[in-house]
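[1] Sequence plus predicted model, see below.
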Amino acid sequence: MTDDSKSLFGELFQPPARNVVPVLVPMPAPTAYSYAVPPGLTVEPGSIVQVPLGPRQVIGVVWDGGEDKGVDPKKLREITKVFDCPPLDGDMRAFLDWIAAYTLSPPGYVARMALRAPAAFDPEPMIEGLRFSGYRPEKITPAREKVLALTADGLSWTKSGLAHACGVSTSVIDGLLKQGVFEQVFLPPPPLVALPDPDFAAHRLAGPQKEAADEILAMQRKGGFAVALIDGVTGSGKTEVYFEAIAETLRQGKQVLILLPEIALTANFLERFQDRFGAKPGEWHSDLATRTREKVWRQVATGEIRVVAGARSALFLPFENLGLIIVDEEHDPAFKQEDRVFYNARDMAVVRARIAGFPVVLVSATPSVESQVNCLAGRYERIHLPTRFADAAMPDLHLIDMRRHPPERGGFLSPILLRSVGKAVERGEQALLFLNRRGYAPLTLCRVCGHRFQCPQCSSWLVEHRFRGQIQCHQCGYHEPTPNACPECGTLDHLVACGPGVERIAEEVERHFPDARTLVLSSDLGGVKRLRLELEAIANGEADIVIGTQLVAKGHNFPLMTLVGIIDADIGLSNGDPRAAERTFQLLSQVTGRAGRTGRKSLGLIQTFQPQHPVMQALVSGDASAFYEREIVEREKAQLPPYGRLVSIIVSADMRAEAEGHARGLRQAAPQESGIMVLGPAEAPLALIRGRHRFRLLIHGRRTNDMQTFVRAMIDRGPKERRSIQVQIDVDPQSFL
Ligand code: ADP
Ligand code: ZN
């Protein structure tokens with residue numbers, strides 16, 4: 001139609017209705033917003049787009065759902081841009097919808113987790129390269145000859161790559177370029193990691209490992225959704241077994257995701273992967289440089305990266321063709337995100353696999369009660385590896401009853417532990433002393449007036465960090481120089497440290513072993529880079545005595561470590577958490593499991609005031625199953641997860657009364673439903689964080705109850721949320737503080 005005809009028929013023809021699509025934007029709105037698709041743009045569900053939102057432009061994703069009949073497209077704002085990248089596929093969208101519904105989170109916030117690398121949505125720029133044009137220059141030098149010889153085959157090079165390969169300076173190449181020896185070409189950006197080869201260097205699996213791998217293989221070949229739990233002691237070869245599952249998925253041409261807690265610190269995992277598959281996996285965690293993140297995101301979407309090893313947020317990467325998820329250390333609390341969208345990556349991995357129809361492998365030496373119950377119920381398949389590989393013995397574990405073998409005054413290490421540390425050092429071996437407390441002392445007080453140093457914004461004590469000369473809040477990071485005088489009574493030099501932190505243990509160790517090389521490993525003592533170096537140094541035997549918080553517990557392999565001492569095994573037992581016993585057992589098993597991984601005879605000493613406690617007995621008897629059986633019976637009796645369901649709601653506000661009032665209002669709004677009980681509101685154990693007062697409600701239901709509908713009803717019928725109020729919903733909570 002010409003312009004003329006348009007004006008002619010203008011009266012008769014309505015312009016075609018503009019297409020209206022729902023777009024999820026990163027906002028706490030309950031549904032997607034409608035946007036108009038301007039002529040010239042095409043979108044489909046999953047397209048990543050830029051849209052105006054208020055005065056800003058934001059990134060959003062076109063969602064499913066038909067046209068909203070009630071809206072007049074003319075009144076809608078238009079999509080500004082469609083990014084040139086693969087749309088989020090239907091499985092991914094279904095997954096995000098599922099999480100939003102289950103965790104009671106705004107779908108826009110959930111979608112945002114899948115859009116965490118903004119610049120990745122545009123294709124990576126091509127890079128400039130050179131190719132031999134066929135023209136040979138008249139003047140030939142030896143340097144030029146080298147370059148010509150290498151490029152004669154007509155393949156493309158980057159300038160710097162060519163100079164490097166020939167061992168000449170780039171000016172040589174510039175000279176040739178000027179004379180027309182090369183033509184310019186554009187090369188696709190290089191892949192971040194090479195392709196892993198499933199048959200690069202497989203280990204021969206030992207008997208039980210082989211059986212385990214075969215079971216998983218059978219599951220994979222059958223196809224479809226299934227969950228296996230590899231339950232095997234540290235060093236039994238769980239990693240070897242799941243490497244075989246990864247190889248199988250690679251052979252099927254599909255991608256693999258390995259979820260690991262603290263991936264940033266497990267450099268040796270990446271190396272091990274490379275030894276097995278000839279290439280590193282793509283890495284994904286919060287310590288990646290932005291550019292690298294964007295590349296990973298993009299190359300996962302295009303399928304160039306076949307295997308990703310990542311932290312929990314890697315679940316939201318836009319895999320082109322995901323075929324397997326491994327969740328290593330599946331019991332680890334680090335898989336729970338407790339910020340904005342509260343989710344457990346282990347559970348969501350299972351959901352993602354169910355939606356897309358592929359297998360998941362959970363892995364742990366101390367599986368969560370949840371996963372064990374799922375095995376008992378036949379929902380997951382349990383694969384058991386009861387012994388260490390190659391007859392490496394488990395460490396010999398003993399309890400030290402601190403009532404009978406107290407440390408000397410002012411100390412925290414019993415004479416038995418000190419003696420064993422001395423012997424290990426004499427033998428040229430390493431000792432690890434574990435205490436899950438950063439800093440020097442968890443509490444500082446004035447000996448004269450009893451004043452305790454408390455955070456001005458939180459209900460927590462300030463922790464002394466002597467290395468840095470500060471007292472610090474571990475909730476909000478508030479810190480101040482350690483004072484000389486008590487701010488209450490003014491007395492000088494009368495502040496006392498109460499209780500131990502790793503720095504204080506180091507002081508005690510240095511007093512007893514002045515010649516030993518002592519190293520404190522704690523997340524506050526340096527960034528990821530430094531910690532990586534220190535972990536490497538330990539593995540290389542460059543320290544004799546290591547004093548560490550839980551970050552030493554995770555997956556590291558220290559060949560010389562033959563003694564592990566637990567300074568205070570009772571720490572986590574009495575904190576009101578229904579999983580306290582389970583968590584303590586898991587953590588202490590993992591820490592003591594660091595000893596003797598490479599065949600040396602090894603020892604674990606556990607300092608406790610409660611040697612009769614079932615956790616302590618389970619640790620030393622090596623009989624985890626009796627402990628778990630009891631835990632499971634008790635959970636069932638109390639209808640605690642996984643037999644019952646919990647949802648926690650935290651209401652916070654600047655004013656205490658406001659927080660409490662809102663929490664009460666929610667409680668009153670709770671519908672009547674058989675099986676569901678609302679507990680509280682009660683002031684949270686951490687009653688104040690960053691100046692906000694916190695009240696807690698706990699909703700307890702049966703396995704069969706629909707908790708989400710119940711909670712939604714509470715929120716909908718409850719008091720209107722004012723700006724000053726924040727309501728956090730945590731489905732399946734792990735933290736009760
Ligand atoms: P887990 O994951 O259960 O802690 P790993 O897979 O890390 O156990 O195995 C412990 C150690 O034993 C590793 O150094 C690993 O390379 C070695 N290992 C285990 N199985 C084999 C095998 N079949 N062949 C060679 N080395 C093995
Ligand atoms: Zn604080």
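    That came through fine. Residues are numbered from 1 along each chain as shown. Ligands and ions are numbered 1, 2, ... in the order given.

[2] Pull the contacting residues for Gln668.
    If you count contacts by C-beta atoms under 8 Å, 6 or more residues apart in numbering, Gln668 has them with Gly718. Just so you know, the C-beta spots here come from the backbone N, C-alpha and C atoms, and that holds for glycine as well.

[3] Apply 10 Å and report the result again.
    Val678, Met714, Arg717, Gly718, Pro719 (C-beta atoms under 10 Å, 6 or more residues apart in numbering).

[4] out of the residues you listed, who's nearest Lys529?
    Met714 (46.0 Å; C-beta to C-beta).

[5] which element is that closest one on?
    For Met714, the host element (DSSP states H and E) is helix 707-717.

[6] Output the contacting helices and strands for that helix.
    Secondary-structure packing of helix 707-717 (3 or more C-beta pairs under 10 Å, 6 or more residues apart in numbering; DSSP states H and E): helix 90-103, strand 644-653, helix 656-669, strand 677-689, strand 692-702, strand 726-731.

[7] from these, which stretch is densest packed?
    The highest mean neighbour count among the helices and strands packed on helix 707-717, using mean count of other C-beta atoms under 10 Å, belongs to strand 644-653: a mean of 23.

[8] hang on, the earlier thing: and the contacts of Gln668 as TSV, adding pLDDT?
    Shown next, in TSV, are the contacts of Gln668 (pLDDT from 0 to 100):
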residue	pLDDT
Val678	96
Met714	96
Arg717	95
Gly718	94
Pro719	94
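
[9] can you tell me which of these lies nearest to Gly622?
    Using C-beta to C-beta, the contacts of Gln668 come closest to Gly622 at Val678, 41.8 Å.

[10] circling back: please check the contacts of Gln668 and keep the buried ones.
    Among the contacts of Gln668, the ones that count as buried by 16 or more other C-beta atoms under 10 Å are Val678, Met714, Gly718, Pro719.

[11] which ones are touching the closest residue in space to the third one that isn't next to it in sequence?
    The shortest distance from Gly718 to any residue other than its chain neighbours is 3.8 Å, reached at Ala669 (C-beta to C-beta, 6 or more residues apart in numbering). Ala669 makes contact with Val678, Ala713, Met714, Ile715, Asp716, Arg717, Gly718, Pro719, according to C-beta under 10 Å, 6+ apart.

[12] Who are the packing partners of whichever helix or strand Val20 is part of?
    Secondary-structure element containing Val20, defined by DSSP H and E: strand 19-24. Packing partners of strand 19-24 (3+ C-beta pairs under 10 Å, 6+ apart): strand 33-37, strand 48-53, strand 56-62, helix 90-103, helix 107-113.

[13] what distance separates that strand from the centre of its chain?
    Chain-centre distance of strand 19-24: 32 Å, with C-alpha atoms, centre = their mean, to the nearest Å.

[14] Also stretch 521-533?
    Using C-alpha atoms, centre = their mean, the offset of stretch 521-533 from its chain centre is 17 Å.

[15] And stretch 570-584, how far out from the chain middle?
    That offset, for stretch 570-584, works out to 22 Å (C-alpha atoms, centre = their mean).

[16] Give the buried residues for it.
    Buried residues in stretch 570-584 (16+ other C-beta under 10 Å): Asp570, Ile571, Gly572, Leu573, Asp577, Pro578, Arg579, Ala581, Glu582, Arg583, Thr584.

[17] Among those, which are located in helices?
    Using DSSP state H, Ala581, Glu582, Arg583, Thr584 are the members of those that sit in helices.

[18] ok, back up a step: would you mind giving the helices and strands packed on helix 707-717 as JSON lines with distance to Pro318 added?
    Below are the helices and strands packed on helix 707-717 laid out as JSON lines (distance: least, C-beta to C-beta, whole Å):
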{"stretch": "helix 90-103", "distance to Pro318": "6"}
{"stretch": "strand 644-653", "distance to Pro318": "30"}
{"stretch": "helix 656-669", "distance to Pro318": "37"}
{"stretch": "strand 677-689", "distance to Pro318": "34"}
{"stretch": "strand 692-702", "distance to Pro318": "34"}
{"stretch": "strand 726-731", "distance to Pro318": "25"}
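
[19] Thank you, goodbye.
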